[in-house]
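Asks: this one's structure only:
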């Protein structure tokens, strides 16, 4: 039997009945993998329904609910639970999130029908990535041995915002704490990285010593 994945990709045109036909909206970035397919299909449907923000709010709230209760995540990923039991569980989960958008409900129905609920977390993250690109945002992750104060993070962001690395996009800065870098910082902006950590310098020094032997 054909995959019900097409329900998600064809939903928007059906709901848009009565309007002039339009080409499928082009996503801001191309995502690969199964999670990328579902997220892109949802994004396309949401664009056509002018529901991008509504769906994003739904998924963010659902992600918080899943993160707070590990039994929910375990339930979604358990392959031994029947489709009907999962359908009932999804209904309960969506009700906790309040009055969610029809596209959000449809996403979870399709994931369940295709036995892909174990991909839920990845799909939610992929949609968030699409929305960030839609807003012309670029993630900036600063890893440090100790948590950095807001003033320091803002200075790093302001400095990089003026560089070519920012690509003219709005930088979204976050701080990851990783004690084993010893000191300094690791800056990751988009798919680029700048290693200014003590551990990184030690590793380079060790390589130089090893190569010279």
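Replies: Received it, and whenever you're ready, just let me know what you need. From a predicted model like this one, the values you see are computed outputs, not experimental measurements.
Asks: pretty sure residue 172 contacts residue 140?
Replies: Yes: in this structure residue 172 lies within contact range of residue 140 using Cβ atoms under 8 Å: 6.3 Å. For every residue, glycine as well, the C-beta is placed using N, CA and C.
Asks: neighbour count winner among these two?
Replies: Ranked by neighbour count (other Cβ atoms under 10 Å), residue 172 and residue 140 place residue 140 first, with 23 against 13.
Asks: SS state for the more buried one?
Replies: Assigned with DSSP: H, G, I helix; E, B strand; the rest coil, residue 140 falls in the strand class.
Asks: go on, residue 129?
Replies: Secondary structure, three-state DSSP: residue 129 is helix.
Asks: Enumerate every residue touching it.
Replies: Contact analysis of residue 129 by Cβ atoms under 8 Å, 6 or more residues apart in numbering lists 29, 31, 39.
Asks: so which of those residues is the most crowded?
Replies: residue 39 leads those on contacts (other Cβ under 10 Å) with 26 neighbours.
Asks: So which residue is dead centre in the protein?
Replies: Closest to where the C-alpha atoms of the chain average out (Cα atoms, centre = their mean) is residue 125, at 2.2 Å.
Asks: I'd like the distance between that one and residue 139.
Replies: 12 Å (Cβ to Cβ, to the nearest Å).
Asks: What residues of stretch 137-157 count as buried?
Replies: Neighbour-count burial for stretch 137-157, counted by 16 or more other Cβ atoms under 10 Å, picks out 138, 140, 142, 143, 144, 145, 148, 153, 156, 157.
Asks: In strands, which of those fall?
Replies: Judged by DSSP state E, the subset of the buried residues of stretch 137-157 located in strands is 138, 140, 142, 143, 144.
Asks: Using TSV, lay out those residues together with distance to residue 195 and pLDDT.
Replies: Output for these, formatted as TSV (distance: Cβ to Cβ, whole Å; pLDDT from 0 to 100):
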residue	distance to residue 195	pLDDT
138	19	86
140	15	89
142	12	92
143	10	94
144	12	93
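Asks: Of these, which pair is most distant in space?
Replies: With Cβ to Cβ as the measure, no two of these lie farther apart than 138 and 144, at 19.5 Å.
Asks: that older thread, same list, the contacts of residue 129, but as JSON lines with secondary structure and pLDDT please.
Replies: Listed next are the contacts of residue 129 as JSON lines, based on DSSP: H, G, I helix; E, B strand; the rest coil; pLDDT from 0 to 100:
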{"residue": "29", "secondary structure": "coil", "pLDDT": "86"}
{"residue": "31", "secondary structure": "coil", "pLDDT": "89"}
{"residue": "39", "secondary structure": "helix", "pLDDT": "94"}
